[in-house]
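**Q** Have a look; sequence and predicted model below, questions after that.
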Number of protein chains: 2
Amino acid sequence: MSRSVVLLSGGLDSATALAVAIARGDECHTLAFDYGQRHRSELAAARRVSGALGAMGHRELRVDLGDLGGSALTDRRIAVPESSGTGIPITYVPARNTVFLSLGLAYAEVLDADKIVIGVNAVDYSGYPDCRPEYVAAFEALARLGTKRGVEGGALTIDSPLVTFSKADIIRRGLELGVDYSTTVSCYQPDEQGRACGRCESCRLRREGFAAAGVPDPTRYGGR
Amino acid sequence: MSRSVVLLSGGLDSATALAVAIARGDECHTLAFDYGQRHRSELAAARRVSGALGAMGHRELRVDLGDLGGSALTDRRIAVPESSGTGIPITYVPARNTVFLSLGLAYAEVLDADKIVIGVNAVDYSGYPDCRPEYVAAFEALARLGTKRGVEGGALTIDSPLVTFSKADIIRRGLELGVDYSTTVSCYQPDEQGRACGRCESCRLRREGFAAAGVPDPTRYGGR
């Protein structure tokens, strides 16, 4: 049995990754990040999802990425775009997955966990460079070189169980495993009740995913 | 000319790394971390060193590594040892350099910097796995895969100019470059005025470094 640190954003993908890890019998410890995101209701969603799916424990860690600026997701002066352009979008948060995986690695060392689970996927990855399989493999190599467990020859895996899944695949798998997607928040600019805008790139990908999976979209959309 | 993010701890090594980067003409932006360390006077030392050596700017970033526990450097319930054992010591902070380099990478992306400078050295590295050249190389590979700059083919280097230096080499180089080591804090448990205990592993390595370099030790030791 693995002891796993599961990075949980409160969104659809990471909730499904947690469900996959729990279904295979991992002892899961979820970790969410308060990084100054404007969509803060995702932190409440992460707590709900962790409890509902049966994680062993949930931690929230604060890191002041927002203070550095540079992204529409943390800087309220930059508008969230409602259509996707080409290249890396303004919603990209600099080095976000590297920072999150690093903090997950620190927590894994403290817990003596042998796995870090991250819900990235390269198919609908929206142009983020830190969602690709080669990136995940590079982090695993780093983790083995830079930790006590790695140096001592223990197992240490970065597991991205959804990396080759489309959004529709993810939704189908999550529904099989009993994920209640109405409690997850994917929107980049939800209201205070966690209701989605229905217009941003993340809302679009999510809605298209439910349509492609052929299941009703349980997302709570706001009135704006 | 490089634009560099220089990770600055307030200690001897990172002060010297900053002096090296400034001497070669880099535009240096220093970054210090408030990670719940018990030796908090190092944050004041980092600010002093940054200003004294002529960095372009200085940022302090908070990250709650201390909340995760597991190290004598962040957990006051674990005593700082006064002699070195074998293997990885209890003063090792889980994944610390990985977390710091990740946050340095985020800042580098925001500034569009092409270099991150870190003062690790593998010679007197005290058994920390994340101070070795192969670790630094693995982080560089990760950085290129996981960032906008890297994906777009821009230069991105993790520079550890002291990695093959002994403590005495570092001190000699720093003195040549005008570093005032009396303003730096290396001790794991300094008092509130930043005066060193003179007994911990870090104090021992530092004192031996000045002796081996054949120069007076300017460290301010406390009366405890």
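**A** Alright, I've got the coordinates. Just so it is clear, the model here is predicted, and its values are computed rather than measured. Numbers count the residues shown, from 1 in each chain, chains lettered A, B, ... in the order given.
**Q** what's the neighbour count on the closest residue in space to residue A:162 that isn't next to it in sequence?
**A** Leaving aside its sequence neighbours, residue A:162 sits nearest to residue A:121 (Cβ to Cβ, 6 or more residues apart in numbering or on different chains; 4.6 Å). (C-beta placed from N, C-alpha, C; glycine too.) By other Cβ atoms under 10 Å in any protein chain shown, 24 other residues sit near residue A:121.
**Q** Over to residue A:28?
**A** Neighbourhood size, residue A:28 [other Cβ under 10 Å]: 26.
**Q** The one 5 residues further on too?
**A** When neighbours are defined as other Cβ under 10 Å, residue A:33 has 23 of them.
**Q** State the phi and psi torsions of it.
**A** The phi/psi pair for residue A:33 (degrees, to the nearest 10) reads phi -120, psi 130.
**Q** and it, what is it in contact with?
**A** By Cβ atoms under 8 Å, 6 or more residues apart in numbering or on different chains, the contact set of residue A:33 is A:7, A:9, A:60, A:61, A:62, A:63, A:99, A:100, A:103.
**Q** Next one: the second one, what pLDDT does it get?
**A** To tie it back to what came earlier, the one meant is residue A:9. On the pLDDT scale, residue A:9 is placed at 92.
**Q** looking at it, it is touching residue A:32, isn't it?
**A** Yes: between residue A:9 and residue A:32 there is a contact at 6.9 Å, judged by Cβ atoms under 8 Å.
**Q** joint contacts of the two?
**A** By Cβ under 8 Å, 6+ apart, the residues touching both residue A:9 and residue A:32 are A:42, A:46.
**Q** Distance-wise, check the residue lying farthest from the centre of chain A relative to chain B.
**A** Relative to the centre of chain A, and counting by Cα atoms, centre = their mean, the farthest-placed residue is residue A:152 at 29.3 Å. Going from residue A:152 to chain B by Cβ to the nearest Cβ, to the nearest Å gives 8 Å.
**Q** and what of residue A:99?
**A** According to Cβ to the nearest Cβ, residue A:99 stands 4 Å off from chain B.
**Q** And that residue, how far from residue A:109?
**A** 16 Å (Cβ to Cβ, to the nearest Å).
**Q** Residue A:177 too?
**A** Using Cβ to Cβ, residue A:177 is found at 28 Å from residue A:109.
**Q** So between those two, which is more surrounded?
**A** In this view residue A:177 and residue A:109 are compared by other Cβ under 10 Å, and residue A:109 has more residues nearby, 26 against 15.
**Q** How about the more buried one, nearest residue that isn't a chain neighbour?
**A** residue B:94 (3.5 Å).
**Q** Contacts only, for that neighbour.
**A** With contacts defined as Cβ under 8 Å, 6+ apart, residue B:94 is in contact with A:105, A:106, A:107, A:109, A:110, A:147, A:148, B:65, B:68, B:70, B:71.
**Q** ok, residue A:122 - contacts?
**A** With contact taken as Cβ under 8 Å, 6+ apart, residue A:122 is in contact with A:131, A:132, A:133, A:163, A:164.
**Q** Quick check: phi and psi on it?
**A** Dihedral angles (degrees, to the nearest 10) for residue A:122: phi -90, psi -10.
**Q** hmm, back to that, out of the contacts of residue A:122, which touch chain B?
**A** Counting by Cβ under 8 Å from any Cβ of the partner chain, residue A:132 from these sit close to chain B.
**Q** From the contacts of residue A:122, pick the one nearest residue A:3.
**A** Nearest to residue A:3 among the contacts of residue A:122 is residue A:163, at 21.3 Å by Cβ to Cβ.
**Q** Who are the contact partners of the spatially closest residue to residue A:222 that is not a sequence neighbour?
**A** Nearest in space to residue A:222, with sequence neighbours left out and distances taken as Cβ to Cβ, 6+ apart, is residue A:195 at 3.5 Å. Applying Cβ under 8 Å, 6+ apart, we find residue A:195 in contact with A:187, A:220, A:221, A:222, A:223.
**Q** Nothing else from me, thank you.
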